[in-house]
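K.L.:
Fold the stuff below for me.
(2 chains)
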Protein chains: 2
Amino acid sequence: MKNNLHALFDPENIAIIGASSNPMKAGYIILSNLIRIGYPKKVFPVSVNEESILDFPCYKKLSQVEDTVELVVLITPSELIYDIMKDLELRMAAKNDVKVIVCAAANYGETRTEEGRRRQACLIDTAGKYGIRVLGPNCIGVIDNINRVDTTFVETLLPSETRGKKGGISFISQSGSIAAAILMKGASQPAPISINKFVSIGNMADVDFIDLLEYFEQDEDTRVIGMYMEGCADGKKLIETMARIARKKPIVVLKVGRSDVGAEAANSHTGSLAGADEVYSAAFRQFGIIRTYNMQELIDNLQAFDSLPLPEGNRVFILSQTGGFGIYSTDALLEQKTLQMPVVTSETKERLRSMLPEMASICSPEGYADITASANVRQHVDALRAVLGDERVDSVIFLTVVPSFLPQKELAEELIRFLKEEDQSGKPVYVSVLAGNYVWGCRALLESGGIKTFDEPANAVSAVKNMTEYGMFLSALKGGEEFEQISE
Amino acid sequence: MKNNLHALFDPENIAIIGASSNPMKAGYIILSNLIRIGYPKKVFPVSVNEESILDFPCYKKLSQVEDTVELVVLITPSELIYDIMKDLELRMAAKNDVKVIVCAAANYGETRTEEGRRRQACLIDTAGKYGIRVLGPNCIGVIDNINRVDTTFVETLLPSETRGKKGGISFISQSGSIAAAILMKGASQPAPISINKFVSIGNMADVDFIDLLEYFEQDEDTRVIGMYMEGCADGKKLIETMARIARKKPIVVLKVGRSDVGAEAANSHTGSLAGADEVYSAAFRQFGIIRTYNMQELIDNLQAFDSLPLPEGNRVFILSQTGGFGIYSTDALLEQKTLQMPVVTSETKERLRSMLPEMASICSPEGYADITASANVRQHVDALRAVLGDERVDSVIFLTVVPSFLPQKELAEELIRFLKEEDQSGKPVYVSVLAGNYVWGCRALLESGGIKTFDEPANAVSAVKNMTEYGMFLSALKGGEEFEQISE
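P.N.:
Predicted coordinates for the structure are as follows:
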């Protein structure tokens, strides 16, 4: 009988086999990451060479640690696996306490050499004897921001803000480098991305997508699931699992191997099945699973699903302070056949006309207003209130290139006040503030106030499209109807 | 007979009508921008209310300025245009010196009101009498980094680095807010974008795309031309002009109004012709004009064309330190039918095998190598040298997610040393370094050393595709062949 994965996310003490005092080594960074996140229980570095690391006394072997150890991190050269597993057997005979191994080291089955396979078999077979679950090998580890666990060897420049920050996003990555890049890029948003649980699964020699998806399915703190995937051995079961869970929680996927050659590279990389992209693609459409195509689009969608209500229909109003980006976004929106730009009521048009600058362009085309660069903060907020108040509008894309003469702090504060306190419409607003460092402070204020912002308007369109389709999918489920996404 | 545009970029003294001492007003920011860029000649603020601004004495009227004034910036409420033009007539009768007016103020012809049209006619007719060229109205102005002119009212956070920095990119924007966003986003790259000349054309009541394209055609310091466009009255002549110039210099375009509704919005915005997107699109393909689809892709393409040699063929090798992004980039690359992944020689494969970590995946698939996260700096550079040395390779996409244990400064320095000093291949290398703030310092070092970096690998693919096609276009021209872009 297999353990469940509880000890992966909330272990009673952690040992690091292969800990190092060299700050450039993974065996050091894992220990320092555990300290940084404030892991509340005990950490035991295991090293044959060191006496102590970062003031933690070292043990020569795992079997010598007297306290309970539920999670073991392996970051040793892979040829040592045989000795380490022998020592694990000693420990389990005496204490029977280890529940999970995170094997961060590489040079196992993914090398497709006989020796690599033998090492992996030794690890998996030994662990299996005791019902110990194995994450990896060839992964970067696990983060749980609620239980304050971080076994990764990834550094970001914003550790304290990102790592300890709880959020509704749980993420699974099949690639270690993409996992690292998501953490690093996620930490570099105006307000760092709010991660709940984060897992790099590496070779999936034991713990796989399905195990983790099922764990996240039950996890109350997980509101949205993100996945980077290349493929897996049992694609049918994976899709069935994803389909079941997507009825409860949105799943946002970045899947590579779209091309045959890409699939061949994926096969070289993680040994995943080639050529199945059309199958995944069709399944995603049928089962309400959200597909994204680049890193920032993935992050933007995860954050939007985590922080905004689902639209109740497909009618999107574009409210823009900038003609250029308004048109640009209209193009992007109309490429999505799911979405429509609504004809609002004549009352709404009249309200907009009476409150906006004379130069404003109102509902020409329908569903679109350009409030112009001369709009002040009050006009930004009043126009948003008017549009949200129209019953023919389900969601709003709100765009502003903050000119030098528009006070950014006031704009952010008034938007937070309106959207977080006053507005009762229950409709999502996708706020795009442009551009670059000049508006970074404004975006950081908005995001700290709970309002997701977009740098690229096309990604705001991607989020509204995906959330609209997911809402339609859930409605169809309730009504017992078949669902097929219109656009991909 | 019309003046040429020389005085727009290198005027003998500048007057600002509507200058202000309020730092939140455009009339203040224009003056402070001229000071900041170090405009070497004289500036005369004209204001009915102020005595002096930023220690510059003010004049009540333009006609009172005793020195020569070649460029006049107008940033007054538009209803004052009649009085200002009367005063201009006085000045021209007495001095006949003004050559260009930059009308930054809005509320002219773009309002499509009778009064707006009348104001615009007054401006254009009066200027026309004296052969004075008019930029705008409804624009944000002009920048020339070589002659140190900046009449814009756009602020960025990196003024001294961006504004005075000379480069080969000259840009024309039909939208003021997109012009501002490009300046702001361009200033927020790891090393700020190098602009030569930058023009926001607004209503194009006089100076239009064609005037500026012809100016940039002759301008020796312009190596690549960028354009944001919605449309224009004489599309046929514009396309003919672009086609002629694209034989000499690359033109990179972001064109909106792709959808009919987007085109309607464009028509509301700048009065440009609707529904002609297919015409532009076909013309771009036929005449070697490069089209991009979002802001970062536009900036990345401009910088790549400005800093990298054109590939001599379509064979692109993907050299990746990261399996995940390697596959991701392979997918993106193979969506471009123009590009191929080459079968390199067995000597190259052997060289790679002998120098790289055991786990490295070499040429499976062909044209692709994953050097793995265990590759050190020397292995990064040696592998790049080996691939560039293969005669079957025309360009290289080089990807790295810098792990915590890879020294970033050393990586940047060694790449600069190799690419800028040692490498004689003449082949372009598209360097993508991931991700976020964690690698910002590394990217800034590389870019300061003259090596363009990409944050989004799909944009590296976009640049290599566009540069490859442009190279094929020029070759076909030399050979007298017809050219049609394969992919869009």
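
K.L.:
Chain B contacts on the stretch 201-350 of chain A?
P.N.:
For the stretch 201-350 of chain A, the contact set with chain B under CB under 8 Å from any CB of the partner chain comprises A:228, A:230, A:256-262, A:264-266, A:268-270, A:293-296, A:321-328, A:330-331, A:334-335, A:341. To be clear about C-beta, it is placed using only N, CA and C from the backbone, and glycine gets the same treatment.

K.L.:
Buried ones among the residues you listed?
P.N.:
A:228, A:230, A:256-259, A:261-262, A:264-266, A:268-270, A:293-296, A:321-328, A:330-331, A:334, A:341 (16 or more other CB atoms under 10 Å in any protein chain shown).

K.L.:
C-alpha coordinates for stretch A:211-220, PDB please?
P.N.:
The C-alpha trace of stretch A:211-220 is given here as PDB (Å, rounded to 0.1, in the frame of the first residue of the first chain):
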ATOM      1  CA  ASP A 211      -0.900  11.500  -8.000                       C
ATOM      2  CA  LEU A 212      -0.400  15.300  -7.700                       C
ATOM      3  CA  LEU A 213      -3.600  16.200  -9.500                       C
ATOM      4  CA  GLU A 214      -5.500  14.000  -7.200                       C
ATOM      5  CA  TYR A 215      -3.800  15.600  -4.200                       C
ATOM      6  CA  PHE A 216      -4.600  19.100  -5.500                       C
ATOM      7  CA  GLU A 217      -8.200  18.000  -6.200                       C
ATOM      8  CA  GLN A 218      -8.700  17.400  -2.500                       C
ATOM      9  CA  ASP A 219      -6.600  20.400  -1.300                       C
ATOM     10  CA  GLU A 220      -8.900  23.100  -0.200                       C
END
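
K.L.:
Could you list the buried residues of it?
P.N.:
Using 16+ other CB under 10 Å as the test for burial, stretch A:211-220 gives A:211-213, A:215-216, A:219.

K.L.:
Tell me where the stretch 1-150 of chain A has helices.
P.N.:
A:6-9, A:26-37, A:81-94, A:114-129 (DSSP state H, counting those that start in this stretch).

K.L.:
what would those helices look like in JSON lines with mean neighbour count and distance to chain B?
P.N.:
Shown next, in JSON lines, are the helices of the stretch 1-150 of chain A (neighbours: other CB atoms under 10 Å in any protein chain shown; distance: least, CB to the nearest CB, whole Å):
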{"stretch": "helix A:6-9", "mean neighbour count": "20", "distance to chain B": "22"}
{"stretch": "helix A:26-37", "mean neighbour count": "22", "distance to chain B": "5"}
{"stretch": "helix A:81-94", "mean neighbour count": "17", "distance to chain B": "15"}
{"stretch": "helix A:114-129", "mean neighbour count": "17", "distance to chain B": "9"}
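
K.L.:
and these as JSON lines, adding mean pLDDT?
P.N.:
What follows is the helices of the stretch 1-150 of chain A, written out as JSON lines (pLDDT from 0 to 100):
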{"stretch": "helix A:6-9", "mean pLDDT": "96"}
{"stretch": "helix A:26-37", "mean pLDDT": "94"}
{"stretch": "helix A:81-94", "mean pLDDT": "98"}
{"stretch": "helix A:114-129", "mean pLDDT": "97"}
